[in-house]
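S.K.: take this sequence and fold it.
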Amino acid sequence: MTDNRNTILAVVLSGIVLLGWQYFFNIPQMEKQRAAQQAQQQAQQPAPGAQSGTTPQAGTAPAQPGSAPGAGAAATPTLTRSAALEASPRVKIDTPRISGSIALKGGRIDDVALVKYRETVDPKSPAVVLFEPSGAPNPYYAEFGWVGASGTSAKLPDQTTLWTQQGSNALTPSTPVTLTWDNGGGLTFKRVVSVDDQYLFSLKDEVSNTGNAPVTLYPYALISRHGTPQVSGYYVLHEGLIGVLGDQGLQEFAYKKIDEEKKKEYKVTNAWIGITDKYWAATLLPDTTAAVQARFSSNAVGNSKTYQTDYLLDPQTIAIGGTGSANARLFAGAKESKLIDVYDKDLKLNRLELLIDWGWFYFITKPMFWTIDFLFHIVGNFGFAILLVTLLVKIVFFPLANKSYASMAKMKKVQPKLAELKEKYPDDKMKQQQEMMALYKEEKINPLAGCLPIAIQIPVFFSLYKVLFVTIEMRHAPFFGWIHDLSAPDPTNIFTLFGLLHYDPTQLPLIGHYLWLGIWPIIMGITMWFQMKLNPTPPDPTQKMIFDWMPLIFTFMLGSFPAGLVIYWAWNNLLSVAQQSVIMQRNGAKIELFDNIKATFAKKDPPKDDPKKDVLKQDLKPKAETKS
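M.R.: As a prediction, this is how the structure comes out:
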């Protein structure tokens, strides 16, 4: 029947989309998670040394200061993080959201931990570490300073320079820190570092010339990351080098891509550049009116890689007795949507919101997040907020769904007439279709109505998936009971008897990816089965088989999806059952849910012989006797 065919078509298309999603995204994600766990274990052991970052060099001519960097420092043995921190005197960083330190040797911001975020859902687990010093297992830091113009012989501060601390003993939102260094040749360098109560560092570098000749210097800033980081592996999420570069817009380079291109350079204004992870980022925010020579680069260091984003500002010629200065800003922290928007607006930045990967359909995804976040601040639970959003979506699309289900109800009522047409024109399919279309037109039926309810929820499904996947607000957001993280799969598993058996079935080859089946995916499958049973049993055996198996297939496919998405789908199924039942009953169609469920478990009678076969046997029997 046409309504069944359309519904099956919509379900099958949805299944194809989900299978593709599972194959291209969820399976790589599980592999990446395992690789990340192994890498974390290996990080506890001694590893080959890492090379220091490279300072941007002012090229052979002052007009082109952004040429390739010089050679970095020699490789050093890898230390533990604590040992690497102890290798330099430090200035403590103490804010409500950041703990860490600034290295006096090199003047780098290379020790940042995000105290509001933990590695696991356990509040006693270690804080998330963003920056690590050179010499640690995973060096990642920001560096600021001056580069000399071609022919400049003046000694400038570098990664080995030991700065002198002045003023306060710790960097806090209310107490900036001042660092100074004298090169012994007439140049005195001064750096004032301040930080707000979130994740924004502001730096002012000054250089005073008391020597016997003018000097031309280029201010620079860089973020360097050593080793290729473990990434989520999802096509829908960018992790790597990122920036919005003036009128050239958003530029994104995954680690593999910049490995291939080696270096990308831009000369622009109104730019920001950095390195982004799924939830965290380190970003340089130069003055929006400054002309910058920005660069993304990848450099080989033995068997490892060093990734860097940096920029040079226009040169400053500092006369004898004169002073030069440069300002810089660094965002180093969690990609909280509201905070990113505040920085974007207050600092008049060029779409810093793109630091969060909202995707191509941001016009759906971002409003979805805003709505969930707004409801969260009312009800205090992101799980409840998702349930309320599902209800709001149902209300918004109610007129369309009402027409759809009403049309389906009319389709049920004309089923006897459709059956008569098939009997009347058993061998003329074209005539059948013509008469069917005429009947639909007469009864004002839309034969594609069955596709709409499922088609409507597909963009909502993907936008909610994106919100759960990319927004840090959803990270470690609990629901109730055993769901402690809505952005992660349901931690229970029927194949381990929900924890009684201590083994991991997902490690099995080929089928292991589908052996993650928790309680909520099972609930979702049951609600989907109820929704399927609301429709009459298809007369065609193939259609019936698809209807019978589809809930089970979807249950396994969604097993490793974020728990918040599975809860949404289950709740949406229940609302659809209620909505469809009410609308179809109002349109005079019989609600066959319980009849179909009862028929599913009823004892099946053995198939009877086909009367046509009996007639054929009777026709053949006399002929056989006559022949004999």
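S.K.: could you use CA atoms for every contact and neighbour count after this?
M.R.: OK.
S.K.: list the contacts of the nearest residue to A319 once chain neighbours are set aside.
M.R.: Nearest residue to A319, sequence neighbours excluded (Cα to Cα, 6 or more residues apart in numbering): P214, at 4.4 Å. Counting by Cα atoms under 8 Å, 6 or more residues apart in numbering, P214 touches T317, I318, A319, I320.
S.K.: again, only this time at 10 Å
M.R.: T317, I318, A319, I320, G321, G322 (Cα atoms under 10 Å, 6 or more residues apart in numbering).
S.K.: buried sites along stretch 285-300?
M.R.: 285-288, 291-299 (16 or more other Cα atoms under 10 Å).
S.K.: from those residues, pick the one nearest G383.
M.R.: L285 (35.3 Å; Cα to Cα).
S.K.: for this structure, which helix is longest?
M.R.: Longest helix in the chain by number of residues (criterion: DSSP state H): helix 563-586.
S.K.: and it, what other elements does it pack with?
M.R.: helix 382-396, helix 398-413, helix 452-470, helix 519-533 (3 or more Cα pairs under 10 Å, 6 or more residues apart in numbering; DSSP states H and E).
S.K.: out of those, deepest packed?
M.R.: Ranked by mean neighbour count, those are led by helix 519-533 with a mean of 22 (mean count of other Cα atoms under 10 Å).
S.K.: specify the residue ranges that define each domain of the chain.
M.R.: Domain assignment for the chain, taken from automatic domain parsing, gives 2-24+366-601, 84-357.
S.K.: could you pull up the mean pLDDT of the longest one?
M.R.: The predicted model assigns domain 84-357 a mean pLDDT of 94.
S.K.: got the end-to-end distance for that domain?
M.R.: 33 Å (Cα to Cα, to the nearest Å).
S.K.: coming back round to it: would you single out the least confident of the helices and strands packed on helix 563-586?
M.R.: helix 398-413 (a mean of 73).
S.K.: against K366, how distant is the most centrally placed residue in the chain?
M.R.: With distances taken as Cα atoms, centre = their mean, V470 lies nearest the centre of the chain, 3.2 Å away. From V470 across to K366, the span is 11 Å (Cα to Cα).
S.K.: is P416 in a helix, a strand, or coil?
M.R.: What DSSP: H, G, I helix; E, B strand; the rest coil gives for P416 is helix.
S.K.: gap between it and K410?
M.R.: Taken as Cα to Cα, the span from P416 to K410 is 12 Å.
S.K.: next one: Q531
M.R.: Distance from Q531 to K410, by Cα to Cα: 18 Å.
S.K.: ok so, going back, doesn't T276 make contact with the residue nearest to the centre of the chain?
M.R.: No - in this structure V470 lies outside contact range of T276 using Cα atoms under 10 Å: 11.8 Å.
S.K.: all strands for the stretch 51-200 of the chain, in order.
M.R.: 90-94, 98-103, 109-118, 127-131, 140-148, 164-172, 175-182, 187-195, 200-209 (DSSP state E, counting those that start in this stretch).
S.K.: angle of the second one against strand 90-94?
M.R.: If you take axes from the mean of the first three to the mean of the last three Cα atoms, to 10 degrees, strand 98-103 sits at 160 degrees to strand 90-94.
S.K.: starting at the chain centroid, how far to strand 98-103?
M.R.: 28 Å (Cα atoms, centre = their mean, to the nearest Å).
S.K.: over to the fourth one?
M.R.: The chain centre lies 19 Å from the centre of strand 127-131; the measure is Cα atoms, centre = their mean.
S.K.: which residues does the residue lying closest to K124 once chain neighbours are set aside contact?
M.R.: Residue nearest to K124 in three dimensions, not counting chain neighbours: R118, with 7.8 Å by Cα to Cα, 6+ apart. Residues in contact with R118, defined by Cα under 10 Å, 6+ apart, are K124, S125, P126, A127, V128, V129, H476.
S.K.: mind checking which of those are buried?
M.R.: Counted by 16+ other Cα under 10 Å, those give A127, V128, V129, H476 as buried.
S.K.: among those residues, which pair sits farthest apart?
M.R.: V129 and H476 (16.6 Å).
S.K.: just the mean pLDDT for the longest helix of the chain, thanks.
M.R.: Helix 563-586 shows a mean pLDDT of 86.
S.K.: show me what counts as buried in that helix.
M.R.: Neighbour-count burial for helix 563-586 [16+ other Cα under 10 Å]: 563-577, 579-584.
S.K.: put the alpha carbons of that helix into CSV.
M.R.: Provided in CSV are the C-alpha atoms of helix 563-586 (Å, rounded to 0.1, in the frame of the first residue of the first chain):
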residue,chain,number,x,y,z
ALA,A,563,22.9,9.2,25.6
GLY,A,564,21.2,12.6,25.2
LEU,A,565,20.4,11.9,21.6
VAL,A,566,19.0,8.4,22.4
ILE,A,567,16.8,9.9,25.1
TYR,A,568,15.6,12.5,22.7
TRP,A,569,14.7,9.8,20.1
ALA,A,570,12.9,7.7,22.7
TRP,A,571,10.9,10.6,24.0
ASN,A,572,10.1,11.7,20.4
ASN,A,573,8.8,8.3,19.6
LEU,A,574,6.4,8.3,22.6
LEU,A,575,5.1,11.8,21.7
SER,A,576,4.7,10.7,18.1
VAL,A,577,2.6,7.7,19.2
ALA,A,578,0.4,9.9,21.3
GLN,A,579,0.1,12.6,18.6
GLN,A,580,-0.6,10.1,15.8
SER,A,581,-3.2,8.2,17.8
VAL,A,582,-5.2,11.4,18.7
ILE,A,583,-5.1,12.8,15.2
MET,A,584,-6.0,9.6,13.5
GLN,A,585,-8.8,8.9,15.9
ARG,A,586,-10.2,12.4,15.3
